[in-house]
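Student: heads up, no residue letters with this:
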């Protein structure tokens, strides 16, 4: 596939770490929340293998925060998500589908509860800030809404725990999954969560003090050799194998949370009020007609840039492939597809056409691994 | 400057014309409204010179539409913009700053009035759809809000009028600036506006029938030779010389419309109600402390990827450069900068540092040409 340059500008924001990753060999970018997000450091297969065994530091500043603070902050945050946050705790992260009044998805952020009246919505690629501002204004909520200066560094991979211990001390290993706390680096406190966009384990440092974040970034690479530390980025292969869904790729504002396997985050029986609750109840009662599924594809190389139709043996549309990669683990291509009833079940089969070739598709449950 | 690849995926949407422009030699993309927007076909200087004398066809599908339809559609559209639309007419386009409740900018779309209860907001690069959904839900407005399937082709340049006449007949030349109407191509009606993101004259075809749009795209190139037609895209040099501002580059949600020279679209004395009206009145009364200005920079090559500080002769910050290019017309670099009082006036001077070199900066009014 021919490659094209990315045209940089202020609108496609650089991160504080951009000049560093460019020295370290980043080769491709995507744009995420109007910001450069590294997409490859050479081969993504090599990077995937490295990530599964070692540790990587990622510039994921493009995971922007929407800060909501004030008297009605909790009310606004709850209004936006179908997940019941009434028992949420300060110091915890919550994966929360954001839903519009039609019951469709707006985003799937991790929400951090910093205080009863202060929250960070750590967003996927859509402008949740304007959804929040519209809702706050329309409902006359007493809140302030803004994008704070936070540029996340992720430390991912099985050796991330030892690397982080070396920098922040033993206490960091006690942090529970999706918990966060504050840890000191050379006199500066950083909010650190045990989270990240891989299933290989790791942490995210929510850097507010940019200079200290840059020092920390450099320090990781100063001491990282013994852990075989490399720079990296969210890895297409690892995330598909792990079934980590991506807003914009696997689902978007035309899909509802039941179609995307988010049932456990749709708390219709709770007392809390949120947008689209009645619509979601109706969708649940009527039953969904399609669902995100895994697929195996009989091909040893794949690179998709848009949805590809999947058909049955009579050529009738039964679904669409939305993400895909070649998986070295399975030694074939795998992907994430929105598949219609009755084909959205493991072992259903279909056909797909790529570059004029007809390919067999086999449906499976998510995640692959 | 080293170039980096753009990683394509479904999330960074292709347009119906993407495969065509790739055959025609597009070399760089940016991402705009989560979609690929061509940024260069080889040299942007050559492309700028060609655009000023001839005609180009552009894939600007990334100018997405937000459709607002229903009983309260006009009320919602008016709530979002500080421009008085009470006397707006069906068949006209309106350049409208979209404002949040703090009086800051959310977007600067062209709004098309299709009917009293049906509008298209043709957006710059931010998710206005979620702002509209939040406001509609909070205010309990009776409207439907969605992104219609519209992929714009722009025809820009002085010879665009003759090219368009050859395709659509003489009537198209009667279309007034920022007017739109429906014109037939091989049996399919297309909404065409006299508008576009250059100051060289031209049209935008709001393609709803994708196949007819592709046929039209191909037909332009079939008959375009006599007009020296070439493929192109919004041109950095031409747009800066013309003072066409870009949301995300020259201004964003941290800026207000007075700072950006949008005074004539801020109708505080009208009876209509819109978001941030009182805040804007306060800002106007207190006076602004900075303003977007043009700058000349003493250098023969420039490529900026983020804001660059401008200082006075004592090294004190007086503003920041936000967009810039080398202008063959002026034979020097020009740019758009947010400049503090009292320096935001023509012929003020400052200093800037690029690649360790100190450069003289001269402030001027916009547009340059």
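Tutor: That came through fine. The structure displayed is predicted, hence computed values, not measured ones.
Student: and the closest residue to chain B within the stretch 201-350 of chain A, what pLDDT?
Tutor: Residue of the stretch 201-350 of chain A nearest chain B, by CB to the nearest CB: residue A:248 (3.1 Å). Just so you know, the C-beta spots here come from the backbone N, C-alpha and C atoms, and that holds for glycine as well. We have a pLDDT of 98 for residue A:248.
Student: Verify the contact between it and residue A:107 for me.
Tutor: No. Look at residue A:248 against residue A:107 with CB atoms under 8 Å: they stay out of range, at 9.5 Å.
Student: So these two - more neighbours on which side?
Tutor: Using other CB atoms under 10 Å in any protein chain shown, the more surrounded residue of residue A:248 and residue A:107 is residue A:107, with 25 against 19.
Student: And the strand ranked longest in chain A, how far out from the chain middle?
Tutor: Using DSSP state E, we find that the single longest strand of chain A is strand A:317-327. Distance of strand A:317-327 from its chain centroid, counting by CA atoms, centre = their mean, to the nearest Å, is 18 Å.
Student: Output the contacting helices and strands for that strand.
Tutor: Here strand A:317-327 touches helix A:236-241, strand A:290-297, strand A:308-311, strand A:332-340, strand A:349-354, going by 3 or more CB pairs under 8 Å, 6 or more residues apart in numbering or on different chains; DSSP states H and E.
Student: If we use 10 Å, what do you get?
Tutor: In terms of contacts (3 or more CB pairs under 10 Å, 6 or more residues apart in numbering or on different chains; DSSP states H and E), strand A:317-327 is packed against helix A:44-53, helix A:236-241, strand A:290-297, strand A:308-311, strand A:332-340, strand A:349-354, strand A:357-364.
Student: which one of the ones you listed lies closest to residue B:209?
Tutor: Closest approach to residue B:209 among those is made by strand A:308-311 (19.8 Å; CB to CB).
Student: chain center to that closest one, what's the gap?
Tutor: From the chain centre to the centre of strand A:308-311 is a distance of 25 Å (CA atoms, centre = their mean).
Student: For that strand, buried residues please.
Tutor: Neighbour-count burial for strand A:308-311, counted by 16 or more other CB atoms under 10 Å in any protein chain shown, picks out A:308, A:310-311.
Student: give me the subset of the residues you listed touching chain B.
Tutor: Restricting the buried residues of strand A:308-311 to those within reach of chain B (CB under 10 Å from any CB of the partner chain) leaves residue A:308.
Student: will you turn the buried residues of strand A:308-311 into CSV that also has pLDDT?
Tutor: Formatted as CSV, these follow (pLDDT from 0 to 100):
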residue, pLDDT
A:308, 97
A:310, 98
A:311, 98
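Student: mind putting the buried residues of strand A:308-311 in CSV, distance to residue B:350 included?
Tutor: CSV is the format used below for the buried residues of strand A:308-311 (distance: CB to CB, whole Å):
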residue, distance to residue B:350
A:308, 53
A:310, 59
A:311, 62
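Student: and of the buried residues of strand A:308-311, the nearest to residue B:80?
Tutor: Proximity of the buried residues of strand A:308-311 to residue B:80 (CB to CB) peaks at residue A:308, which lies at 36.6 Å.
Student: Show the contacting residues for the spatially closest residue to residue A:276 that is not a sequence neighbour.
Tutor: Nearest non-adjacent residue to residue A:276, counting by CB to CB, 6 or more residues apart in numbering or on different chains: residue A:103, 4.0 Å away. Counting by CB atoms under 10 Å, 6 or more residues apart in numbering or on different chains, residue A:103 touches A:82, A:255-258, A:266, A:275-284.
Student: And residue A:187, by the same measure?
Tutor: Neighbours of residue A:187 in contact, by CB under 10 Å, 6+ apart: A:209, A:212.
Student: go on, residue A:47?
Tutor: So residue A:47 contacts A:40-41, A:56, A:230-233, A:235-238 (CB under 10 Å, 6+ apart).
Student: Where does the residue lying closest to residue A:24 once chain neighbours are set aside fall, secondary structure wise?
Tutor: Closest residue to residue A:24 apart from its sequence neighbours, by CB to CB, 6+ apart: residue A:231 at 4.3 Å. For residue A:231, the element it lies in under DSSP states H and E is strand A:229-232.
Student: cool, residue A:191 as well?
Tutor: Residue A:191 is part of strand A:188-193 when elements are defined by DSSP H and E.
Student: which SS class is the closest residue to chain B within the stretch 51-200 of chain A?
Tutor: Chain B sits closest to residue A:138 of the stretch 51-200 of chain A, with a gap of 1.5 Å, by CB to the nearest CB. With DSSP: H, G, I helix; E, B strand; the rest coil as the basis, residue A:138 sits in helix.
Student: and it, what is it in contact with?
Tutor: Counting by CB under 10 Å, 6+ apart, residue A:138 makes contact with B:76, B:79, B:101, B:133-141, B:275.
Student: Mind jotting down where the strands sit in the stretch 101-250 of chain A?
Tutor: Secondary structure of the stretch 101-250 of chain A (DSSP state E, counting those that start in this stretch): strands at A:105-107, A:110-115, A:118-122, A:144-146, A:151-156, A:180-185, A:188-193, A:202-207, A:229-232.
Student: can I get the ones you listed in CSV with mean pLDDT?
Tutor: Shown next, in CSV, are these (pLDDT from 0 to 100):
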stretch, mean pLDDT
strand A:105-107, 98
strand A:110-115, 98
strand A:118-122, 98
strand A:144-146, 98
strand A:151-156, 98
strand A:180-185, 98
strand A:188-193, 98
strand A:202-207, 98
strand A:229-232, 98
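Student: how about these in CSV, adding distance to residue B:126?
Tutor: Formatted as CSV, these follow (distance: least, CB to CB, whole Å):
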stretch, distance to residue B:126
strand A:105-107, 14
strand A:110-115, 22
strand A:118-122, 16
strand A:144-146, 14
strand A:151-156, 20
strand A:180-185, 29
strand A:188-193, 27
strand A:202-207, 23
strand A:229-232, 29
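Student: out of the ones you listed, which comes closest to residue A:331?
Tutor: Proximity to residue A:331 (CB to CB) singles out strand A:229-232 among these, at 22.9 Å.
Student: Just checking: what are the partner strands of the closest one?
Tutor: strand A:55-59 (parallel) (DSSP bridges).
Student: tilt between the partner strand and helix A:44-53?
Tutor: Inter-element angle recorded for strand A:55-59 and helix A:44-53: 120 degrees (by axes from the mean of the first three to the mean of the last three CA atoms, to 10 degrees).
Student: How about the residues of the stretch 201-350 of chain A by chain B?
Tutor: A:233, A:236, A:246-250, A:252-254, A:275-276, A:303-308, A:320-324, A:336.
Student: Could I have the buried ones of the residues you listed as ChimeraX selection syntax?
Tutor: To isolate in ChimeraX the members of those that are buried, counting by 16+ other CB under 10 Å, one can use:
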select /A:233,236,246,247,248,249,250,252,253,275,276,304,305,306,307,308,320,321,322,323,324,336
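Student: quick one, what contacts residue A:125?
Tutor: For residue A:125, the contacting residues are A:30-35, A:37, A:62-64, A:107, A:246-249, A:252, B:11-12, B:31, B:34, B:127, by CB under 10 Å, 6+ apart.
Student: what's the domain layout of chain A?
Tutor: A:18-63+A:150-241, A:289-364 (automatic domain parsing).
Student: Give the partner strands of the strand holding residue A:191 in its sheet and their orientations.
Tutor: strand A:180-185 (antiparallel), strand A:202-207 (antiparallel).
Student: No further queries at this time; thank you.
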